Each structure stands twice: as structure tokens, then as C-alpha cells.
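J.: Sequence first, then the predicted structure:
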Amino acid sequence: MNTIQGEPKSWKREPMVWLLIAIPLSAVIMGVVMMTLAIQSYSGLVVDDYYKKGKQINRVIARDKFAYELGLAAGINFARDGMVEVRFDPEVRFVPGDRIELSLVHATKPGLDQTLLLDKIDTYLLTGKLDLQGEGRWNLYLQTPDWRLTGSLQHPQKSVAQLLPNYTPD
């Protein structure tokens, strides 16, 4: 269709108009999408009471140091049936208590965190039953009020981890 020189085209047929509309419109749409994702996937990674957490750091360091001085080390195995076995190194000559706490902290989803009390079966063997929910990296803490061992596990790819003191001497 021929247009007469000087007769303007309709704005709907101008590609530059649509480009000028598309840029801000896409920004608004992406803003709504990002806001929706932020509201729906709250991860809760920010700690509410920084001061209280800061005071606990020295206590944690002292427990790690004590575990290092004792020479503690343990291996942990997560069986498919939900059984958890923690075996201490028998060369250390350390006899663990009758019940020890195992904390499993998910790296990104605090709602999946779990705590389990392990019962002593043998001199160096502790067991318990746990249904480990969720995939990803889990931080493991085997602890008593006096000492603490740490490790990590990539679930479900791995089912065995090493627990060691998180301390290096100066």
C-alpha cells in the first residue's frame, strides 16, 4: 500500500514506538517476578540476634580446641533405612558418653535442620534413627557441652562423612 508523502503512519505501525514501550514494560514485569520470588522463597538466612551469636563464638572455639587436644575423630554413615552410625577412632583412647547430640544443619534451608540423640551401642559406636529430608549440603555437628566435631555431607550423593575438630593451633 502506498502512502502519500507527508501523510503520517499510524503509531501502531511504528517499530520504534513498540521498542520504547517494551523496555519499561519488561522492567515492570521482571520487577513483579522478582518480588514474587522473594516473597515466596524466604530462606531466613539472616540471624535475628547478632550480639547473642557473637557471645557464643568463644564457647564454640573452646569446645573445638578441647576436641583437638583430645585428638577426637569420628566417621559417620547414613544407611538407606535411616540408621545413623557414628564410629570413633579407637586409637584415640577416648570413650564417648552414653548419649551424644548430632545436629544436621542444611546449608541453605533452615527449616530442614534436625537434631538427633545418638545412643551408645559399643565402646566406640553410637547409633540412632533419622529420616534425612532434602537434598544438598548438610553441615554435621557431633557435640557435647565439652567438645564438638564438625563435618559436611552432600546428600544423597554421599552417605559417609568424616567428623573432625574445627580447630587449628596458632
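T.: Yes, it's here.
J.: which residues touch the nearest residue to Pro169 once chain neighbours are set aside?
T.: With Cβ to Cβ, 6 or more residues apart in numbering as the criterion, Pro169 has its nearest non-adjacent residue at 7.3 Å, and that residue is Tyr68. Every residue, glycine included, has its C-beta placed from N, CA and C. Tyr68 sits next to 165, 167, 169 when contact means Cβ atoms under 8 Å, 6 or more residues apart in numbering.
J.: mind giving me TSV with the residues you listed and columns for distance to Val17 and secondary structure?
T.: As requested, those are exported to TSV (distance: Cβ to Cβ, whole Å; DSSP: H, G, I helix; E, B strand; the rest coil):
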residue	distance to Val17	secondary structure
Pro165	67	coil
Tyr167	66	coil
Pro169	70	coil
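J.: Let me know the closest of the residues you listed to Asp113.
T.: Distance to Asp113 across these (Cβ to Cβ) is lowest for Pro165, with 21.5 Å.
J.: what about that closest one, neighbour count?
T.: Other residues near Pro165 number 20, with proximity taken as other Cβ atoms under 10 Å.
J.: So which of the contacts of Tyr68 sits lowest on pLDDT?
T.: Comparing pLDDT over the contacts of Tyr68, the lowest score belongs to Pro169 (80).
J.: Against Asp64, how distant is it?
T.: In this structure, Pro169 and Asp64 are 11 Å apart, going by Cβ to Cβ, to the nearest Å.
J.: Settle it for me: which of these two has more neighbours?
T.: Just comparing Pro169 and Asp64: by other Cβ under 10 Å the higher neighbour count belongs to Asp64, 20 against 6.
J.: separation between that one and Ser103?
T.: With distances defined as Cβ to Cβ, the gap from Asp64 to Ser103 amounts to 14 Å.
J.: same deal with Ala74?
T.: With distances taken as Cβ to Cβ, Ala74 is found 14 Å from Ser103.
J.: can you check Leu126 too?
T.: Leu126 is 14 Å from Ser103, where distance means Cβ to Cβ.
J.: Check Ile57 too.
T.: Per Cβ to Cβ, Ile57 is found 17 Å from Ser103.
J.: Now do the helix or strand Ala161 falls within: which elements does it pack against?
T.: If you go by DSSP states H and E, Ala161 is part of strand 160-163. Of the remaining helices and strands, those touching strand 160-163 by 3 or more Cβ pairs under 8 Å, 6 or more residues apart in numbering; DSSP states H and E are strand 74-78, strand 136-143, strand 148-155.
J.: how about the second one: buried residues?
T.: Of the residues in strand 136-143, those buried under the neighbour-count criterion (16 or more other Cβ atoms under 10 Å) are 138, 140-143.
J.: Having no further points to raise, I will conclude here.
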